[in-house]
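> 3D, please:
(one chain, ligands or ions: 2)
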Amino acid sequence: MARFHQDLWPIRYKPLEDELLSSWLVRLAHGHGLKVQSFCNMLYGNKRQIWNRDIDRLAPQWLLDDLKLHTGATQMQAEQTTLRIFDGVLVKHYREAGPLQWIQLMQMYHRKREGYGQQFCPICLQEDKVSYFRKTWRLAIKTMCLKHNCMLMDRCPQCDSAVSYHRIGMGQPNHVEFDPLSTCHECSFDLRAASAKPVKVYNEEAFDWLRRVVSDIDDFSAGKSVKIDLKEVSLFHHMTAMVSKERNRYHLGQHVADMVGADDYVPINTNRVALESYQCHVRNQYMQFAAWLLVDPQVRLHQACRARAIRHNFLLRDMKDPPAWYEDCVNNRIATRARPFFERRHKINLDSRADEIDLTY
Ligand SMILES: [Zn+2]
Ligand SMILES: [Zn+2]
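Numbers count the residues shown, from 1 in each chain. Ligands and ions are numbered 1, 2, ... in the order given. Here you go, the predicted model:
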């Protein structure tokens with residue numbers, strides 16, 4: 001017990017609800033009056049580089065063990081700060097480098113973060129007693145704050161820099177009083193003063209579906225017991241990627257845009273950009289479109305095939321392990337040309353815009 005007390009640091013903040021490892025570590029460093037780089041160099045020397053990697057994703061065990069020891073945080077509290085908790089939940093094969101399903105890319109280059117992978121809700125930051133960054137703000141599936149009904153942001157509104165709170169105070173050698181983590185490291189703008197934008201809703205039913213998905217993920221990330229089906233979130237990812245792209249014989253996104261009356265749809269016309277690096281409002285639109293298809297998949301996917309917005313063989317392409325119901329829906333329903341049978345069983349509620357679309361095969 002005596003040993004334990006010796007190990008405790010003078011400042012031993014515990015992680016806040018849903019707090020990211022990097023946010024916790026920066027708060028601890030600032031609490032000790034040090035920049036996070038100086039703090040880590042003092043503790044771990046130059047051999048163990050932390051800030052040239054995405055530490056929330058890498059989350060080395062020795063670092064978690066050390067923070068546990070010196071702050072008195074529990075194993076559970078420390079492990080809950082890392083993006084590893086989404087392994088097998090949102091991500092199929094968690095690895096340390098390369099794209100990961102639904103995890104925003106930081107695109108680390110030395111200590112700089114070039115990618116806009118760290119999102120935030122300005123109102124959450126405003127309401128915090130101490131500003132801190134949440135794990136869910138690193139997720140591509142999370143584009144809006146359900147508590148404040150607003151879009152997340154992913155950059156400083158004043159200078160367009162990506163959020164890099166670990167760089168606060170860099171280049172200022174005598175810094176000992178630190179600005180809150182909500183401060184832009186580049187121009188010192190306080191992200192709490194950013195004006196949050198409302199979410200544009202394209203279809204109420206699809207939006208409610210998306211809200212429920214995000215709400216489950218918020219609960220899971222906060223440590224509540226929620227069952228998230230990896231196959232279902234992978235299907236949602238697949239569908240979101242499909243509505244985001246356009247090809248010669250493939251314009252599913254435009255089809256959904258027509259069906260829901262959206263006039264601001266723009267596809268991403270390159271395969272090289274991962275969904276995890278699309279801008280927040282763009283991802284939000286694509287996810288609402290994908291949700292619209294998944295609210296009533298048998299009817300709406302069938303309708304999309306008939307409108308020649310997509311060929312049915314694309315619906316399963318590149319999907320390694322789809323949910324059984326979806327495979328069945330694509331193989332046994334959509335692939336069939338027995339339209340009268342299909343339509344008898346599922347009343348197709350076409351909106352008036354469908355009149356403009358050629359419904360023959
Ligand atoms: Zn919020
Ligand atoms: Zn700025």
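> dump the residue contacts of the residue lying closest to Glu186 once chain neighbours are set aside.
Nearest non-adjacent residue to Glu186, counting by C-beta to C-beta, 6 or more residues apart in numbering: Ser161, 4.0 Å away. C-beta coordinates here come from the backbone N, C-alpha and C atoms, glycine included. Taking C-beta atoms under 8 Å, 6 or more residues apart in numbering, we find Ser161 in contact with Arg155, Cys184, His185, Glu186, Cys187.
> highest neighbour count among those residues?
Among these, Cys184 has the most neighbours (other C-beta atoms under 10 Å), with 24 neighbours.
> nearest residue to that one in space, please, no chain neighbours.
Cys156 (4.1 Å).
> who's in contact with the closest residue to ligand 1 within the stretch 251-361 of the chain?
Residue of the stretch 251-361 of the chain nearest ligand 1, by C-beta to the ion: Cys280 (13.4 Å). Contact analysis of Cys280 by C-beta under 8 Å, 6+ apart lists Gln119, Thr143, Met151, Leu152, Met153, Asp154.
> ok, which stretches of the stretch 251-361 of the chain are helices?
Assigned helices in the stretch 251-361 of the chain, in chain order: 252-260, 280-295, 297-306, 324-328, 339-345 (criterion: DSSP state H, counting those that start in this stretch).
> what's the closest of those helices to Ala196?
Nearest to Ala196, of all the helices of the stretch 251-361 of the chain, is helix 280-295, at 11.8 Å by C-beta to C-beta.
> put the alpha carbons of that closest one into CSV.
Below are the C-alpha coordinates for helix 280-295, written out as CSV (Å, rounded to 0.1, in the frame of the first residue of the first chain):
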residue,chain,number,x,y,z
CYS,A,280,-18.4,15.5,-41.5
HIS,A,281,-21.5,17.0,-43.2
VAL,A,282,-20.8,14.9,-46.4
ARG,A,283,-20.6,11.7,-44.3
ASN,A,284,-23.8,12.7,-42.5
GLN,A,285,-25.7,13.0,-45.8
TYR,A,286,-24.4,9.7,-47.2
MET,A,287,-25.3,7.9,-43.9
GLN,A,288,-28.9,9.4,-44.0
PHE,A,289,-29.2,8.1,-47.5
ALA,A,290,-27.9,4.6,-46.6
ALA,A,291,-30.2,4.6,-43.6
TRP,A,292,-33.1,5.4,-45.9
LEU,A,293,-32.3,2.3,-47.9
LEU,A,294,-32.0,0.2,-44.8
VAL,A,295,-35.2,1.3,-43.2
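> tilt between it and helix 252-260?
If you take axes from the mean of the first three to the mean of the last three C-alpha atoms, to 10 degrees, helix 280-295 sits at 70 degrees to helix 252-260.
> and the residue nearest to Glu186, how far from Asp318?
Relative to Asp318, Ser161 is positioned 35 Å away (C-beta to C-beta, to the nearest Å).
> and Leu146, by the same measure?
With C-beta to C-beta as the criterion, Leu146 and Asp318 are 30 Å apart.
> looking at the two, which is more packed in?
More crowded of Leu146 and Asp318, by other C-beta under 10 Å: Leu146, with 15 against 8.
> relative to Ala206, how far out is that one?
With C-beta to C-beta as the criterion, Leu146 and Ala206 are 15 Å apart.
> same check, this time on Trp102
19 Å.
> for Lys320, same thing?
Counting by C-beta to C-beta, the gap from Lys320 to Ala206 is 26 Å.
> between these two, which one's more packed in?
It is Ala206, of Lys320 and Ala206, that has more neighbours when counted by other C-beta under 10 Å, with 23 against 9.
> circling back to that earlier point, and the contacts of Ser161 as CSV, adding pLDDT?
CSV is the format used below for the contacts of Ser161 (pLDDT from 0 to 100):
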residue, pLDDT
Arg155, 95
Cys184, 96
His185, 92
Glu186, 92
Cys187, 94
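> so of those residues, which ones are in strands?
Using DSSP state E, the subset of these located in strands is empty.
> contacting residues for Ala29?
By C-beta under 8 Å, 6+ apart, the contact set of Ala29 is Lys35, Val36, Ser38, Phe39, Cys40.
> which one of the residues you listed sits in the busiest neighbourhood?
Going by other C-beta under 10 Å, Val36 tops the contacts of Ala29 with 24 neighbours.
> isn't it up against Trp24?
No: counting by C-beta atoms under 8 Å, Val36 stays clear of Trp24, with 10.7 Å between them.
> residues near Asp229, how many?
Applying other C-beta under 10 Å, I find that Asp229 has 11 neighbouring residues.
> state the distance from it to Asp216.
Counting by C-beta to C-beta - Asp229 and Asp216 are separated by 10 Å.
> what residues sit buried inside stretch 46-58?
In terms of neighbour count (16 or more other C-beta atoms under 10 Å), stretch 46-58 has its buried residues at Ile50, Trp51, Arg53, Asp54, Ile55, Asp56, Arg57.
> just send the residues you listed back as JSON lines, with distance to ligand 2 and secondary structure too.
Output for these, formatted as JSON lines (distance: C-beta to the ion, whole Å; DSSP: H, G, I helix; E, B strand; the rest coil):
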{"residue": "Ile50", "distance to ligand 2": "23", "secondary structure": "coil"}
{"residue": "Trp51", "distance to ligand 2": "19", "secondary structure": "coil"}
{"residue": "Arg53", "distance to ligand 2": "23", "secondary structure": "coil"}
{"residue": "Asp54", "distance to ligand 2": "21", "secondary structure": "coil"}
{"residue": "Ile55", "distance to ligand 2": "22", "secondary structure": "helix"}
{"residue": "Asp56", "distance to ligand 2": "21", "secondary structure": "helix"}
{"residue": "Arg57", "distance to ligand 2": "24", "secondary structure": "helix"}
